[in-house]
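K.L.:
Sequence first, predicted model second:
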Amino acid sequence: MKKLFVLALVVVAAVACNKDQQAVKKLEGTWNMTKMETTVDLLGTPVTIDVIGLGGSGTMTFTNCKLKNDEWCNVSTTFTFPDEDPEESVDLYRVTGDGTMLEVKESDTSSTITAMTIIELTKEDLKVTFTDADLGDVEAELKKQ
């Protein structure tokens, strides 16, 4: 019975890792931001701002890697708010939760992680939601180049 239990745990872990790795494989490449809406509280009233519609732009380039336990992959981001200079960063990412969460952090030593819920991930479309300390609640959509 004990052997059966251990075998079941191994199978469950392998399936979960496979879903995360499948998501990493789909993410590989450059994605253009087609939508970024942020909802902030303005004097007690939620206000939604369409950053891309106002002239902002963004791209994310994910590297493909073999995702192992506690391993992170590289992602390069360029984002431009309307009427501002582009902001570029090279961060780390990983996929968790059976392919349902995208986590991003600045460096190996950073303890601050932006956790994004993956709403949709296909070979061509990525939709995520997350909460940012500066931007509030964010909904973003990206299309693969």
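P.N.:
That came through, no problem.
K.L.:
Show me what residue 91 is bridged to.
P.N.:
Going by DSSP bridges, residue 91 is paired in beta bridges with residue 75.
K.L.:
just checking, it touches residue 105?
P.N.:
Yes - between residue 91 and residue 105 there is a contact under C-beta atoms under 8 Å: 6.4 Å. C-beta: built from backbone N, CA, C; applies to glycine.
K.L.:
For burial, what's the neighbour tally of residue 68?
P.N.:
Counted with other C-beta atoms under 10 Å, the neighbours of residue 68 add up to 10.
K.L.:
for this protein, where's the lowest mean pLDDT among helices and strands?
P.N.:
In the chain, no helix or strand scores lower on mean pLDDT, DSSP states H and E than helix 2-27, which sits at a mean of 59.
K.L.:
after it comes which helix or strand?
P.N.:
For helix 2-27, the succeeding helix or strand toward the C-terminus, using DSSP states H and E, is strand 29-42.
K.L.:
Give the pairing partners of the helix or strand following that following strand; include direction for each.
P.N.:
Counting by DSSP H and E, the next helix or strand C-terminal to strand 29-42 is strand 45-50. Applying DSSP bridges to the sheet, strand 45-50 is found paired with strand 29-42 (antiparallel).
K.L.:
ok, back up a step: what touches both of residue 91 and residue 105?
P.N.:
Counting by C-beta atoms under 8 Å, 6 or more residues apart in numbering, residue 91 and residue 105 have no shared contacts at all.
K.L.:
Could you double-check that residue 30 sits in contact with residue 58?
P.N.:
No - at 11.0 Å, residue 30 does not count as touching residue 58 under the criterion of C-beta under 8 Å.
K.L.:
which one of the two has more residues nearby?
P.N.:
For residue 30 versus residue 58, neighbours defined as other C-beta under 10 Å are more numerous around residue 58 (20 against 13).
K.L.:
OK, contacts around the more buried one?
P.N.:
Residue 58 sits next to 32, 33, 36, 52, 77, 78, 79, 80, 142 when contact means C-beta under 8 Å, 6+ apart.
K.L.:
repeat that for 7 Å
P.N.:
33, 36, 78, 79, 80 (C-beta atoms under 7 Å, 6 or more residues apart in numbering).
K.L.:
again, but for residue 46
P.N.:
Residue 46 neighbours (C-beta under 7 Å, 6+ apart): residue 39.
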